[in-house]
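Novice: Okay, predicted coordinates and the sequence, questions at the end:
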Amino acid sequence: QVHLVESGGGLVQSGGSLRLSCAASGGTFSGYAMGWFRQAPGKEREFVVAINRNGDRTYYPDSEKGRFTISRDNAKSTVYLQMNNLKPEDTAVYYCVADDKDIIGTLPDMWGSWGQGTQVTVSS
């Protein structure tokens, strides 16, 4: 498993932007698919977006298409989540995930490594 540390969360007004970062260590970063999940209070963890090992394939649910962008820098062992036009319903703890299977999975159990999470709060 790889160790993941998220950063970049915070409080933003509706319509604003944030960029989350996730730094990985303890493994060969380019050997992992990477992704993001989120969990709002009282709700189950929800898949946000994922990217494959070499960054040429991504998957976004329809709700995030056009607003969220995932990217990775294998040289820096870091994955990013750019979030634009944020809405109050995007408020959640955002978790970075990794797995050495090069499969973009939308279920939490499909990901072997998880970060501690970073809080994103969008005010109306």
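Specialist: On my side now, so go ahead.

Novice: in the protein, which ranges drop under the pLDDT threshold?
Specialist: Of all residues in the chain, none has pLDDT under 70.

Novice: Could you pull out the helices in this structure for me?
Specialist: Counting by DSSP state H, the chain forms no helices at all.

Novice: Name all residues that make contact with the residue lying closest to Pro108 once chain neighbours are set aside.
Specialist: Excluding the flanking residues, the one nearest Pro108 by Cβ to Cβ, 6 or more residues apart in numbering is Arg45, at 5.0 Å. All C-beta spots, glycine's among them, are computed from the backbone N, C-alpha and C. Contact analysis of Arg45 by Cβ atoms under 8 Å, 6 or more residues apart in numbering lists 37-39, 95, 108.

Novice: just those residues now: which is nearest Asp62?
Specialist: The closest of the contacts of Arg45 to Asp62 turns out to be Arg38 (Cβ to Cβ; 15.7 Å).

Novice: before we move on, the earlier item: nearest to Thr121, of the contacts of Arg45?
Specialist: Distances from Thr121 to these, taken by Cβ to Cβ, are shortest for Arg38, at 11.9 Å.

Novice: Find the nearest non-adjacent residue to the closest one, please.
Specialist: Ala92 (3.8 Å).

Novice: Could you measure from that neighbour over to Asp100?
Specialist: 26 Å (Cβ to Cβ, to the nearest Å).

Novice: Compare neighbour counts for those two and give me the winner.
Specialist: Set Ala92 next to Asp100 and count neighbours by other Cβ atoms under 10 Å: Ala92 wins out with 22 against 15.
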